[in-house]
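Visitor: Provided below are the primary sequence and the corresponding predicted coordinates.
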Amino acid sequence: MGFSPSNGSGPPLGCLYGLNLMEINFTDLPKAIRLRARSVGPTGERWVATLEETVSSLALKWQFVPREILSGGSESLILAVALKDDSPAVLKVGLPGVCDCKTESHVLRIANGTAYPRLLEHDEEYNALLVERLGARLSDSDLPVSQQIEVLCQTLQEAWIPLQSSQGFMTGGEKARWLLEFNESVWRDLGKPCAEGTQELALSFATEREAAFDPNNSVLVHGDAHSHNTLRSFDKKGGYKFVDPDGLFAEPAYDLGISMRGWNDELLVGDAITLGQARCRTLASLTGIDERAIWQWGFMERVSTGLLMLQIGMTQSGVRTLAVADLWADASISWNR
């Protein structure tokens, strides 16, 4: 249902600049968002139930017209909107406790439009952002995986920003500890869905990366830099920009490890070990970053992502992600020798 005005002045909450929010079906959210919201219990249910009211309030505050729900996100509502001057923008409303728009706004302010969209507005109460509109996702392009990896590496090298200190961002050491504790707990809770050797290696790698954290070798990294989060830029430079940064103060190898957890289809139709090792070498070659660190972060992220997918009900994707991790376990043992 649309919303009526609460104070009797101005346009109805459900209607702005002639567009009725009833035209946007807030109950028909992308499947990934519905599953993620359900996984956090009553908080997620309340968030979904109040999305229309939240968007209406933000539309009045920031003077935009909602156009359509965009796909691609799993931890936030993403809406294409038109600003008062009819220029395009994107509204992001984060799922509480899962998507931290405050940290993201900090990243975007530091980046100031370089390799990230320009930040237009941030509302901490609603956990929401208004940012510049970008183009098509890299994952939707016709580029083969090898060329997508080249784009990711080039864009990452533009996005990595030196910092004098963590500035409140989670550090690489803290992230490694978080992954260790998450993997250990969820692996048991889900009935040990991957091999015990795979799990032990993930924990071992987490311990090593935690110990390896060095502020002098750390930069502001994206934290979730995959091809779905890499979008065409419309500015004069062209190229691509990243969306949805987690924001970490960590070694650059962390971001490259994210590329190790993707493109399951390519890995599972061939020799997953050989292809995985080749991908790791390519990432290291294109960026000059340590291959061992890339492999370790990639292995940890693959295990934790597979476990998370199973936890929130994305069963098929989770099983395939962990299947590659199990195949990689033997290759990973060599890194520990």
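Guide: Okay, I see it.
Visitor: all contacts plus neighbour counts: C-alpha atoms, from now on.
Guide: OK.
Visitor: Against Met260, how distant is the residue nearest in space to the middle of the chain?
Guide: The C-alpha lying nearest the average C-alpha coordinate of the chain belongs to Asp224 (C-alpha atoms, centre = their mean; 4.3 Å). Applying C-alpha to C-alpha, to the nearest Å, the value for Asp224 to Met260 is 12 Å.
Visitor: And for Gln63?
Guide: From Gln63 to Met260 the distance is 41 Å (C-alpha to C-alpha).
Visitor: Neighbour count for the two, which is higher?
Guide: Taking neighbours as other C-alpha atoms under 10 Å, Gln63 and Met260 compare with Met260 leading, 24 against 16.
Visitor: Distance check, the spatially closest residue to the more buried one that is not a sequence neighbour against Leu91.
Guide: Distances taken as C-alpha to C-alpha, 6 or more residues apart in numbering place Gly298 nearest to Met260, at 4.9 Å, with adjacent residues excluded. Distance, Gly298 to Leu91, by C-alpha to C-alpha: 31 Å.
Visitor: still on that earlier bit, if I look at the residue nearest to the centre of the chain, what pLDDT would I see?
Guide: Each residue has a pLDDT score; the one for Asp224 is 96.
Visitor: SS state for it?
Guide: coil (DSSP: H, G, I helix; E, B strand; the rest coil).
Visitor: can you pull the contacts of it?
Guide: Going by C-alpha atoms under 8 Å, 6 or more residues apart in numbering, Asp224 touches 244-246, 255, 258.
Visitor: now swap in Ile273 and tell me
Guide: 327-328, 331.
Visitor: before we move on, back to that, among the contacts of Asp224, which are in helices?
Guide: 255, 258 (DSSP state H).
Visitor: got CSV for the contacts of Asp224, with neighbour count too?
Guide: Formatted as CSV, the contacts of Asp224 follow (neighbours: other C-alpha atoms under 10 Å):
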residue, neighbour count
Asp244, 25
Pro245, 22
Asp246, 20
Asp255, 24
Ile258, 24
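Visitor: My read is that Tyr254 contacts Gly223, right?
Guide: Yes: between Tyr254 and Gly223 a contact is recorded at 7.1 Å, counting by C-alpha atoms under 8 Å.
Visitor: Neighbour count for the two, which is higher?
Guide: Tyr254 (27 against 21).
Visitor: ok, Asn229 to Val324 distance?
Guide: 22 Å.
Visitor: Compare neighbour counts for the two and give me the winner.
Guide: Set Asn229 next to Val324 and count neighbours by other C-alpha under 10 Å: Val324 wins out with 23 against 19.
Visitor: That one: what's it in contact with?
Guide: 264, 267-268, 272.
Visitor: Find the helix or strand that it is a member of.
Guide: helix 315-336 (DSSP states H and E).
Visitor: buried stuff in that helix?
Guide: By 16 or more other C-alpha atoms under 10 Å, the buried positions in helix 315-336 come out as 317-329, 332.
Visitor: Farthest-apart pair in the residues you listed, please.
Guide: Ser317 and Ser332 (21.8 Å; C-alpha to C-alpha).
Visitor: coming back round to it: want to throw the buried residues of helix 315-336 into JSON lines with pLDDT and distance to Leu51?
Guide: Shown next, in JSON lines, are the buried residues of helix 315-336 (pLDDT from 0 to 100; distance: C-alpha to C-alpha, whole Å):
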{"residue": "Ser317", "pLDDT": "95", "distance to Leu51": "27"}
{"residue": "Gly318", "pLDDT": "97", "distance to Leu51": "28"}
{"residue": "Val319", "pLDDT": "97", "distance to Leu51": "32"}
{"residue": "Arg320", "pLDDT": "96", "distance to Leu51": "33"}
{"residue": "Thr321", "pLDDT": "97", "distance to Leu51": "31"}
{"residue": "Leu322", "pLDDT": "97", "distance to Leu51": "34"}
{"residue": "Ala323", "pLDDT": "96", "distance to Leu51": "36"}
{"residue": "Val324", "pLDDT": "96", "distance to Leu51": "37"}
{"residue": "Ala325", "pLDDT": "97", "distance to Leu51": "37"}
{"residue": "Asp326", "pLDDT": "96", "distance to Leu51": "40"}
{"residue": "Leu327", "pLDDT": "94", "distance to Leu51": "42"}
{"residue": "Trp328", "pLDDT": "96", "distance to Leu51": "41"}
{"residue": "Ala329", "pLDDT": "93", "distance to Leu51": "42"}
{"residue": "Ser332", "pLDDT": "69", "distance to Leu51": "44"}
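Visitor: I'd say His222 and Phe249 touch.
Guide: No: the pair His222 / Phe249 is not scored as a contact, 9.1 Å apart, by C-alpha under 8 Å.
Visitor: For the two, indicate the residue with more neighbours.
Guide: The neighbour count for His222 versus Phe249, taken as other C-alpha under 10 Å, is higher for Phe249 (31 against 27).
Visitor: Please enumerate the helices of this structure.
Guide: Under DSSP H, the chain gives helices at 31-39, 42-49, 51-62, 101-111, 145-159, 172-189, 196-212, 253-260, 264-268, 272-287, 291-312, 315-336.
Visitor: Figure out which of the ones you listed is closest to Arg133.
Guide: Taking the helices of the chain one by one with C-alpha to C-alpha, helix 101-111 is closest: 13.7 Å.
Visitor: which strands and helices sit next to the closest one?
Guide: strand 119-123, strand 128-132 (3 or more C-alpha pairs under 8 Å, 6 or more residues apart in numbering; DSSP states H and E).
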